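A.B. asks: Structure here, sequence nowhere to be found:
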């Protein structure tokens, strides 16, 4: 008698997403079938082998994932019943037939499943980028779905040419290609299609863009602006400066920064983009800004008044609205201080890196300070580089502004 269960393999990192797998058991024999579905631990009920209810309801996105799990359980059960009626069989045979049936999944359908899984993991920004790519690629295919193995080099080159004819800039074309490649490689990893290397002839790099840093002179002007009677502009200014003080902290991480992330000595947070944990020494200029907005968020778990909703998708919508408003206000501030180019949320991060370089801070320290964990140089130095070195570098930059 074969039993089939859906289970989660927990991550070794606390509160990180775990991976769903299907477990086949017969007497003392066990076979695992991995999936690419991931959940936060609080979203999964391992005892029942299903997505956890939130109150009496199931989130619509999580419901889609649960429907997929239910369909897979039914498929596995059907394979087992068929094989049991024919005599002796192995659990590997069950898994092989299941993978063979999964290989019939089409490219756009599989792409859509990845978007559902990303939303289930509350990766709404990445899901939005995947959806944009899917919309573009689906338009190229004129809405026709194709088998996964039809994703060939000639098709990808044709898609790149199609984008080029529509005057899509190279960085955007590369952006679409990298997402397509990520989805394709997931399918390869799952054994749904053989690796055909279809992206070799298209550009998947990142071109250098115009300089986004500004001179420290303008930072000093921002600091000394009198915005006492202009609270919206003051919040935008303070959030921008806080980003700079925090070694180029992204606006998404500022918006989601929780009061529990802040102590008397340090601010510790996990970067939304990379999942890397950063710990930064609390400087007086940071503390001043945090205290300024504590009276506006007495009941909120967040430090700043950008996000107030507890529900993940609605909170993300609030973040998006706040980001748009933040950048609009920054443009106004840029004009006030006489900046010749638009002031944007990205500029704080680029300015910190540029200022650090101008103060002769070593590149490994700059990279580590910004949380560039994907860079090989950073990986080499992170093992021996202590936070105190990075904090000393940050203190040097803040001192140059009189902070």
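C.D. replies: Cool, the structure landed. From a predicted model like this one, the values you see are computed outputs, not experimental measurements.

A.B. asks: Flag every buried residue along the top helix by length along the chain.
C.D. replies: Longest helix in the chain by number of residues, with DSSP state H as the criterion: helix 60-86. Using 16 or more other CB atoms under 10 Å as the test for burial, helix 60-86 gives 61-62, 64-66, 68-69, 72-73, 75-76, 79-80, 83. Bear in mind the C-beta positions are built from the backbone N, C-alpha and C, glycine included.

A.B. asks: With stretch 355-372 instead?
C.D. replies: 355-356, 361, 364-372.

A.B. asks: tell me the average confidence for that stretch?
C.D. replies: For stretch 355-372, the mean per-residue pLDDT is 76.

A.B. asks: Show me how far it is from its chain's centre.
C.D. replies: Remark: stretch 355-372 is offset 23 Å from the chain centroid, using CA atoms, centre = their mean, to the nearest Å.

A.B. asks: before we move on, what about stretch 181-201?
C.D. replies: Relative to the centre of its chain, stretch 181-201 is centred 21 Å away, using CA atoms, centre = their mean.

A.B. asks: Next: stretch 53-69.
C.D. replies: In terms of CA atoms, centre = their mean, the gap separating the centre of stretch 53-69 from the centre of its chain is 21 Å.

A.B. asks: First-to-last residue distance for that stretch?
C.D. replies: When the termini of stretch 53-69 are compared using CA to CA, to the nearest Å, they are 15 Å apart.

A.B. asks: quick one on the thing from earlier: by contact count, what packs against the longest helix of the chain?
C.D. replies: With contacts taken as 3 or more CB pairs under 8 Å, 6 or more residues apart in numbering; DSSP states H and E, helix 60-86 sits against strand 3-9, strand 18-26, strand 29-39, strand 50-51, helix 91-102, helix 107-120.

A.B. asks: hmm, 7 Å instead?
C.D. replies: Under the contact criterion of 3 or more CB pairs under 7 Å, 6 or more residues apart in numbering; DSSP states H and E, helix 60-86 touches strand 3-9, strand 50-51, helix 91-102, helix 107-120.

A.B. asks: For the ones you listed, give me JSON lines that also has mean pLDDT.
C.D. replies: As requested, those are arranged in JSON lines below (pLDDT from 0 to 100):
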{"stretch": "strand 3-9", "mean pLDDT": "94"}
{"stretch": "strand 50-51", "mean pLDDT": "91"}
{"stretch": "helix 91-102", "mean pLDDT": "90"}
{"stretch": "helix 107-120", "mean pLDDT": "92"}
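
A.B. asks: What is the nearest of the buried residues of stretch 355-372 to residue 202?
C.D. replies: Using CB to CB, residue 372 is the member of these that sits closest to residue 202, with 25.5 Å.

A.B. asks: got a list of contacts for the helix or strand containing residue 392?
C.D. replies: Here residue 392 sits within helix 387-400, counting by DSSP states H and E. By CB atoms under 7 Å, 6 or more residues apart in numbering, the list of residues contacting helix 387-400 from outside reads 216, 245, 247, 279-281, 283, 285, 355-356, 359, 361, 365, 368-369.
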